[in-house]
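Enquirer: coordinates only, no sequence provided:
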C-alpha cells in the first residue's frame, strides 16, 4: 500500500470506528508500527487532530470536527473531475451544472499556483466533439486508470510515453509517441499524439491502451493538432477564471 493510500485508509478507519488501537491500524494498512506512527505524524501536519493515549483505555482517536487544512488534490484528480463533467455536459444537459461548476472553481482556487498552472496547460489540450454517425462502439472496454497520470507527466514535461495498443482487429503493437491532446467523442475517449515512427498524428482509443508508461527520451515540441470543425476546445466551451499568481 502506497503512503497516500495508507493515509486515506487510516483516516477512513478512524472516522468509522471513532477510535482504535495502533495495532489495529497496522493490521488495516499492512504496515509496521513505526510506519503507522510516521503516517499519523504526517496526518497531524496536514491538519488532522489525532489524539493518542497509552495504557489501559487508551488508543488512537480522530477529533470528529477534524478536517484537512491543506489542499492535497493532484492535478490529474482535478482534471478527472473537470473532464467528467465536460463529457457529461457534451452528451446531455446535466442537473445542477451551475453548482458543479461553482464547486470545481473553488477546488481550482485552492490549488497552489504551480498546480493551477499545470491544470490550465492540461485543460488547453482537451477537446470535445460528437461521435460520427455509424461509429462502431460494440467493443468499448474499460480505460486503464494509470493512463491519465502518465499522459499528464508526458504532456506537461514534453516527454514521450509508451504503451501497447490493440487495434480494431485485435492486433497489438508497442507504440512510443508524443502526447499532444485529449479528445472526447462520447462515449469514446482518445489520446491524440505525434507518432515519430509514422511521421504523423495518430488517434489512440484509450480503452485499447495497455501498460502506459513515461519513456526516457529528449523533450519534444508541442504541435498544433488539426481537428475537424465540429470539435471544440474545452477552454472555448467553458468560461475560465483568470489564473491568480502570488
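Expert: The structure has been received and is ready for your questions. Everything quoted here is computed from the prediction, not taken from an experiment.

Enquirer: which residue is nearest the middle of the chain?
Expert: Relative to the mean C-alpha position of the chain, the nearest C-alpha, by CA atoms, centre = their mean, is the one of residue 76, at 2.7 Å.

Enquirer: what helix or strand does that residue sit in?
Expert: Residue 76 belongs to helix 75-91 when assigned by DSSP states H and E.

Enquirer: residue contacts, the spatially closest residue to residue 232 that is not a sequence neighbour?
Expert: Distances taken as CB to CB, 6 or more residues apart in numbering put residue 128 closest to residue 232, at 6.1 Å, once the chain neighbours are dropped. Glycine gets a C-beta too; all of them are placed from N, C-alpha and C. Residue 128 sits next to 86-87, 90, 183-185, 231-234, 237 when contact means CB atoms under 8 Å, 6 or more residues apart in numbering.

Enquirer: export these as CSV, with columns for pLDDT and distance to residue 147.
Expert: Shown next, in CSV, are the contacts of residue 128 (pLDDT from 0 to 100; distance: CB to CB, whole Å):
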residue, pLDDT, distance to residue 147
86, 71, 17
87, 71, 15
90, 63, 20
183, 94, 14
184, 91, 14
185, 90, 17
231, 89, 21
232, 86, 23
233, 86, 21
234, 79, 18
237, 58, 23
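
Enquirer: out of the residues you listed, which end up buried?
Expert: For the contacts of residue 128, a burial check counting by 16 or more other CB atoms under 10 Å picks out 86-87, 90, 183-185, 231, 234.

Enquirer: quick check: neighbours of the strand or helix carrying residue 173 in the sheet, parallel or antiparallel?
Expert: Element membership for residue 173 (DSSP H and E) is strand 172-185. Strand 172-185 pairs in its sheet with strand 126-128 (parallel), strand 161-166 (antiparallel), strand 188-195 (antiparallel), by DSSP bridges.

Enquirer: tell me what angle that strand forms with helix 75-91.
Expert: Put simply, strand 172-185 runs at 60 degrees to helix 75-91, going by axes from the mean of the first three to the mean of the last three CA atoms, to 10 degrees.

Enquirer: and the pLDDT for the nearest residue to residue 124 once chain neighbours are set aside?
Expert: Closest residue to residue 124 apart from its sequence neighbours, by CB to CB, 6+ apart: residue 235 at 5.8 Å. We have a pLDDT of 74 for residue 235.

Enquirer: those strands in the protein, which residues are they?
Expert: With DSSP state E as the definition, the chain shows strands at residue ranges 50-53, 59-62, 126-128, 161-166, 172-185, 188-195, 200-205, 209-214, 232-233.

Enquirer: now the ones you listed in a markdown table, with distance to residue 149?
Expert: Output for the strands of the chain, formatted as a markdown table (distance: least, CB to CB, whole Å):
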| stretch | distance to residue 149 |
| --- | --- |
| strand 50-53 | 29 |
| strand 59-62 | 29 |
| strand 126-128 | 15 |
| strand 161-166 | 11 |
| strand 172-185 | 12 |
| strand 188-195 | 13 |
| strand 200-205 | 17 |
| strand 209-214 | 9 |
| strand 232-233 | 22 |
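
Enquirer: so which of those strands is the most packed in?
Expert: Per residue and on average, the most neighbours among these fall to strand 126-128, with a mean of 22 (mean count of other CB atoms under 10 Å).

Enquirer: from the middle of its chain, how far away would it be?
Expert: Using CA atoms, centre = their mean, to the nearest Å, the mean C-alpha position of strand 126-128 is found 16 Å from that of the whole chain.

Enquirer: stretch 210-227 now?
Expert: Here the centre of stretch 210-227 is set off from its chain's centre by 18 Å, with CA atoms, centre = their mean.
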